[in-house]
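Chemist: predicted structure and sequence below. I'll ask about it afterward.
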Amino acid sequence: MQIHFDMTTVNKKGVRQMFDEIAWRYDFLNHFLTLGIDAWWRRKAIRLISDKEEAIMLDIATGTADLAISLIKYKHPFQVIGIDISEGMLEYGKKKVEKLELTEQIILQQGNGEALEFPDKSFDAITIGFGIRNFEHPEKGLSEMLRVLKNNGELIILEFSRPQNRFLCRLFDLYFCYVLPIIGKLFSKHATAYTYLPESVKQFPYGDNFLKMMQQAGFVKTTFSSLTLGIVAIYKGVKS
């Protein structure tokens with residue numbers, strides 16, 4: 001029997017509640033289900049950001065702050081502001097930031113990526129890791145990101161994709177649609193969170209289609225590269 005999740009029932013409130021409920025197991029499952037490769041994906045994405053002194057960066061859908069912490073570690077900006085709609089995820093992120101003594105460099109707060117509460121031209125770079133596909137209106141989110149970026153500011157998006165090779169794509173679907181939901185439910189005790197994941201990946205306009213969306217929002221010099229046999233992609237755009 002094919003596992004199915006009706007994406008039409010997913011709204012921002014539902015996504016927020018879902019992530020609140022799985023926050024306690026989110027980091028463990030991320031590392032377990034990806035065999036730890038997720039840390040390497042983040043490092044690859046961060047390397048695409050140009051070095052700037054005293055940079056101010058925004059990490060959208062920061063979750064438990066893994067990407068925000070990596071930004072501090074590898075790019076050494078003056079400050080990173082991380083926002084997320086899930087208070088539960090942010091609570092775990094704040095504990096990690098405090099433990100690493102990074103509370104002055106990383107500020108975590110609740111926020112909506114489709115309605116950013118920051119002035120125009122506030123940030124040198126924006127990152128979003130595995131979060132854009134959860135937006136109700138990703139094109140609106142992209143327009144907001146463009147607005148708050150400084151001129152020549154960079155947007156880096158890390159997101160799941162789908163392998164182009166037909167055989168690999170079938171293996172990917174087998175794992176994502178059958179194996180991952182079972183493991184996710186077992187460890188997170190949440191019935192639908194890890195069924196939602198493969199369905200959201202399937203419906204996301206990855207590759208060239210997403211680049212077109214970025215271009216329509218106003219980004220230039222748009223590129224994307226695939227990682228790990230095509231299951232993940234890194235997108236980059238620049239504000240002119």
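Modeler: Yes, it's here.
Chemist: from the chain's centroid, how far away is the biggest helix by length in the chain?
Modeler: As assigned by DSSP state H, the longest helix anywhere in the chain is helix 12-33. Distance, stretch centre to chain centre, for helix 12-33: 13 Å (Cα atoms, centre = their mean, to the nearest Å).
Chemist: likewise for stretch 203-215?
Modeler: Mean-position distance between stretch 203-215 and its chain equals 15 Å (Cα atoms, centre = their mean).
Chemist: distance of Ala61 from Leu186?
Modeler: 25 Å (Cβ to Cβ, to the nearest Å). Bear in mind the C-beta positions are built from the backbone N, C-alpha and C, glycine included.
Chemist: actually Lys96, not the one I wrote
Modeler: 24 Å.
Chemist: more neighbours: which of those two?
Modeler: Lys96 (17 against 10; other Cβ atoms under 10 Å).
Chemist: hang on, Lys95 in a helix?
Modeler: Yes. Using DSSP: H, G, I helix; E, B strand; the rest coil, the assignment for Lys95 is a helix.
Chemist: burial count for it?
Modeler: By other Cβ under 10 Å, 12 other residues sit near Lys95.
Chemist: mind listing what it touches?
Modeler: Lys95 makes no contacts at all, as judged by Cβ atoms under 8 Å, 6 or more residues apart in numbering.
Chemist: one step back: what's the first helix or strand after the longest helix of the chain?
Modeler: Sequence-wise, the next helix or strand downstream of helix 12-33 (DSSP states H and E) is helix 37-46.
Chemist: no more questions from me, cheers.
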